[in-house]
Each structure stands twice: as C-alpha cells, then as structure tokens.
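Student: sequence plus predicted model, see below.
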Amino acid sequence: MISRMRGDGKAGPHADPDRFPGLLREVVSRPLEDWRAVYESFSPVDLITGERLPRVPPPDENSRRAAVLVPVLLDPEQIELVYTVRKHDLNDHAGQISFPGGSLEPGDRSLMETALREAYEEIDLSPDLVEVVGELEEMYIPPSGFRVRPYVGLLPAAAEFVIDPREVQEVFTVPLRRLMDPRTFQKVVWKRDGRDYEVPVFAVEGYEIWGATAAMTAALLVRLGWRTV
C-alpha cells in the first residue's frame, strides 16, 4: 500500500520544487551545530524519573553500523518525504515507521551504498533515480545498538515504489509543508512495561512518526528553519 498526503501550512522556499533542490544541497552541506540536542529531544521521557534514553553510545559499546536513505520526492506540486512501515514480525524495529535502510553488509563499499541498496531492496527504488545531496549526523539507537548514518536523497516526481512484502508493510509520503507545520509536532503519552513515557511525534493522518526516524526528520527540518516552539 502506498499513501500520499495533501500539503497544507505556509508556503516558502522549502515548498517550491524549483528552488528547493539548491536550498537542500546548501543546508545539508553544513553540519548542524546543535544536532545532539535535536536528537536527544526525540528520546522518550520516563514520566516518573524524567530520564531519557541517551543517543550517545557508552564507551564500551560494540555498535553495529547501518545507514538509511531520507528520500525527498520532488513532486511538481509539493515536496514530500518518503517513509516505510516495517513488517510486524521483523527482528529489529518491527512495526515502526522508518526510512529505508539497514545494516552494513560485507559487499557494501560504503554506508551510502548500504542506504541505496536497502532502498532498492525494500521499495524498489533504483539508485540511478537518487541524487544523494549529503548526509546527516550519525545517530545511536540504544535498543538495538546500531549507529545509523542518514543520507539525504532527491527523487524525481516520476519515482515509483514497489514494496518488498517480506520487510515492508506500507509506503507513505508526507508533504514537507505538513511536517514544518507546528501543529504536526505533538507530545503523546505511551505506556511500556507498566511505565508511562512522554514521546515526541510528528502526527500525520493516523501515523505517528517517532524515535530515531522522527529525530532524523527533525535534523533535516531544523536546517530548513523548523522549530518546535
């Protein structure tokens, strides 16, 4: 299943398909000064202790390397980000909303190749259609012990997606204007293992984008001028 949403919110350079590629290349080429704070702000908060899961690996952590592609679709009417919903029976991050991606494999010459390979395997996105314009800061994911490198890729409007049913349940796109709209950012309370957690999410038409995927989304949005307040 592939779902596409309609945009809303204010127009701006981030909403203009003609101007946006140049803007994106510029902002992704620069490191984000407060990237760690952005990533940390999307960790769930234990409402009893006030503690967050850290996004920095401990000194003795033997982290696995992984990469994801942050696909940006240049539709003639709006800019969209592409997300997947992972199958519920996977070993890692089952049922979660993600960007296409996975573990570094022995045949991969780089993490960027990992991201492109995984996008091809998961949603049949040919690497020839992707212009990788840069990378975001590496993220540590405590539950799985992965260190994940996000790569931002521009896709033409003609790009189509066919899911691999073994890994992906659904593909959907969200207009950038919708993500930039302050009303989309919310804090919800989820219960896990008998405890309540406050979880920052991007809430869009029945989807709640949270965790590492939300943090990577935010790292891109902040570069384009987004703020939570």
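Tutor: Looks like it arrived, so ask away. Here the structure is a predicted model, which means the values were calculated and not measured.
Student: for the protein, which segments count as helices?
Tutor: For the chain, the helices defined by DSSP state H cover 20-28, 35-40, 111-123, 176-180, 211-223.
Student: any idea which of those helices gets closest to Ile97?
Tutor: helix 211-223 (5.5 Å; Cβ to Cβ). (Each C-beta comes from the backbone N, C-alpha and C, glycine too.)
Student: the closest one packs against which elements?
Tutor: The contact analysis (3 or more Cβ pairs under 8 Å, 6 or more residues apart in numbering; DSSP states H and E) places helix 211-223 against helix 20-28, helix 35-40, strand 64-74, strand 79-86, strand 139-141, strand 146-156, helix 176-180, strand 195-204.
Student: least reliable of those going by mean pLDDT?
Tutor: Here the lowest mean pLDDT among the helices and strands packed on helix 211-223 goes to strand 139-141, at a mean of 89.
Student: list the buried residues in that one.
Tutor: For strand 139-141, the neighbour count (16 or more other Cβ atoms under 10 Å) marks 139-141 as buried.
Student: can you redo these as TSV with distance to Trp210?
Tutor: TSV is the format used below for the buried residues of strand 139-141 (distance: Cβ to Cβ, whole Å):
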residue	distance to Trp210
Met139	14
Tyr140	16
Ile141	12
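Student: coming back round to it: between the helices of the chain, which gets nearest to Val189?
Tutor: helix 211-223 (15.1 Å).
Student: measure how the closest one sits relative to helix 20-28, angle-wise.
Tutor: 100 degrees (axes from the mean of the first three to the mean of the last three Cα atoms, to 10 degrees).
Student: so helix 211-223 versus strand 195-204, what angle?
Tutor: 50 degrees.
Student: export helix 211-223 as CSV, just CAs?
Tutor: Provided in CSV are the C-alpha atoms of helix 211-223 (Å, rounded to 0.1, in the frame of the first residue of the first chain):
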residue,chain,number,x,y,z
GLY,A,211,12.0,7.8,17.8
ALA,A,212,15.1,7.7,15.6
THR,A,213,13.0,8.4,12.4
ALA,A,214,11.4,11.5,14.0
ALA,A,215,14.8,12.7,15.2
MET,A,216,16.4,12.4,11.8
THR,A,217,13.3,14.1,10.3
ALA,A,218,13.8,16.9,12.8
ALA,A,219,17.5,17.2,12.0
LEU,A,220,16.5,17.9,8.4
LEU,A,221,13.6,20.2,9.2
VAL,A,222,15.7,22.3,11.6
ARG,A,223,18.2,23.0,8.8
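Student: now what about it, what contacts it?
Tutor: Under the contact criterion Cβ atoms under 8 Å, 6 or more residues apart in numbering, helix 211-223 has outside partners 27-28, 30, 32, 34-35, 38-39, 41-44, 55, 68, 70, 81, 83, 96-99, 136-137, 139, 141, 148, 150, 152, 179-180, 199-202, 209, 226.
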